[in-house]
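Student: Just to be clear, the model below is a prediction. Sequence and coordinates:
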Amino acid sequence: DVKVTQSSRYLVKRTGEKVFLECVQDMDHENMFWYRQDPGLGLRLIYFSYDVKMKEKGDIPEGYSVSREKKERFSLILESASTNQTSMYLCASSFFLGNTIYFGEGSWLTVV
Amino acid sequence: KQEVTQIPAALSVPEGENLVLNCSFTDSAIYNLQWFRQDPGKGLTSLLLIQSSQREQTSGRLNASLDKSSGRSTLYIAASQPGDSATYLCAVKGSGSARQLTFGSGTQLTVLP
């Protein structure tokens, strides 16, 4: 079974802190994604990566950056956390674009 | 821009009933469509992926159909059980160079014992 692991399930951070959300997949997938999910707004793509060190902006990249130094690991970085970044963050991966996409369990981030 | 709609937003049915969840999309030039299940506070679990050239896919008690020309997909759940209670989302992948999935907002299903 494909496993996408998000290292932190629940985080509480202060405004202005730098926040790292880590995601690891164990199936040698080429593509990895970061989404956020908010009530009434659904899932929105923040960034995705189609290869090591390669990334593309999604719909809402402002205030976020990403890092993919190794194929299995995709990190989401909030450079200076703000309260409007309080959300559920979901990491996902797929082998090819258009293949089944697999999600992690999610990371609940609260910024106070 | 692709838009994906799921109606109704919430649905309650008694246990044992067969039910249909709906998903509609505005741009019929799709590559595939996926149905997901999401339990409260958890990530999404892929249920079925149906390619644009396919009409339907089946997995156990689940059957997904796709009608590209009308921009519609349905997820049929047979003999519903309380364990089927969850939010069901559909997502469409565009054809061509579109890399993203466009998600619907989901239907929250409650199966009453």
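Tutor: That came through, no problem.
Student: low-confidence ranges in the chain?
Tutor: By default, I'm working from chain A. Scanning chain A for pLDDT under 70 picks out the ranges A:2.
Student: my bad, the chain I had in mind was chain B
Tutor: For chain B (pLDDT under 70), the answer is B:96-99.
Student: Can you name the residues bridging to B:L66?
Tutor: B:S73 (DSSP bridges).
Student: For it, give me its contacts.
Tutor: B:L66 sits next to B:33, B:50, B:52, B:54-56, B:72-73 when contact means Cβ atoms under 8 Å, 6 or more residues apart in numbering or on different chains. Just so you know, the C-beta spots here come from the backbone N, C-alpha and C atoms, and that holds for glycine as well.
Student: residue in chain A nearest to chain B?
Tutor: A:F103 (3.9 Å; Cβ to the nearest Cβ).
Student: hang on, isn't that residue packed against B:G43?
Tutor: Yes - using Cβ atoms under 8 Å, A:F103 is in contact with B:G43, at 3.9 Å.
Student: which residues do these two both contact?
Tutor: With Cβ under 8 Å, 6+ apart as the test, A:F103 and B:G43 both reach A:4, A:90.
Student: Which entries within the contacts of B:L66 meet the buried criterion?
Tutor: Those of the contacts of B:L66 that meet the buried threshold are B:33, B:50, B:52, B:72-73, by 16 or more other Cβ atoms under 10 Å in any protein chain shown.
Student: quick one on the thing from earlier: in strands, which of the contacts of B:L66 fall?
Tutor: The members of the contacts of B:L66 that map onto strands under DSSP state E are B:33, B:50, B:56, B:72-73.
Student: all strands of chain A, in order?
Tutor: In chain A, the strands defined using DSSP E lie at A:4-6, A:10-13, A:19-25, A:31-38, A:42-51, A:54-57, A:64-70, A:73-78, A:87-94, A:102-103, A:107-111.
Student: Looking at the ones you listed, which is nearest to B:V20?
Tutor: Nearest to B:V20 among the strands of chain A is strand A:42-51 (21.1 Å), distances taken as Cβ to Cβ.
Student: quick one: is the closest one near chain B?
Tutor: Yes - taking Cβ under 8 Å from any Cβ of the partner chain as the criterion, strand A:42-51 and chain B are in contact, through A:42-43, A:45, A:48, A:50.
Student: Mind picking the one among these that's closest to B:F25?
Tutor: A:G42 (13.7 Å).
Student: give the contact list for the closest residue to that closest one other than its chain neighbours.
Tutor: With sequence-adjacent residues excluded and distances taken as Cβ to Cβ, 6 or more residues apart in numbering or on different chains, A:G42 is closest to B:S105, at 4.6 Å. Shown in contact with B:S105 (Cβ under 8 Å, 6+ apart): A:40, A:42, B:5-6, B:9, B:89.
Student: Include distance to B:V111 and mean neighbour count when you put the strands of chain A into a markdown table, please.
Tutor: Compiled in a markdown table, the strands of chain A are given as follows (distance: least, Cβ to Cβ, whole Å; neighbours: other Cβ atoms under 10 Å in any protein chain shown):
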| stretch | distance to B:V111 | mean neighbour count |
| --- | --- | --- |
| strand A:4-6 | 27 | 19 |
| strand A:10-13 | 28 | 13 |
| strand A:19-25 | 32 | 19 |
| strand A:31-38 | 23 | 23 |
| strand A:42-51 | 23 | 20 |
| strand A:54-57 | 39 | 14 |
| strand A:64-70 | 37 | 16 |
| strand A:73-78 | 35 | 20 |
| strand A:87-94 | 24 | 24 |
| strand A:102-103 | 23 | 22 |
| strand A:107-111 | 26 | 18 |
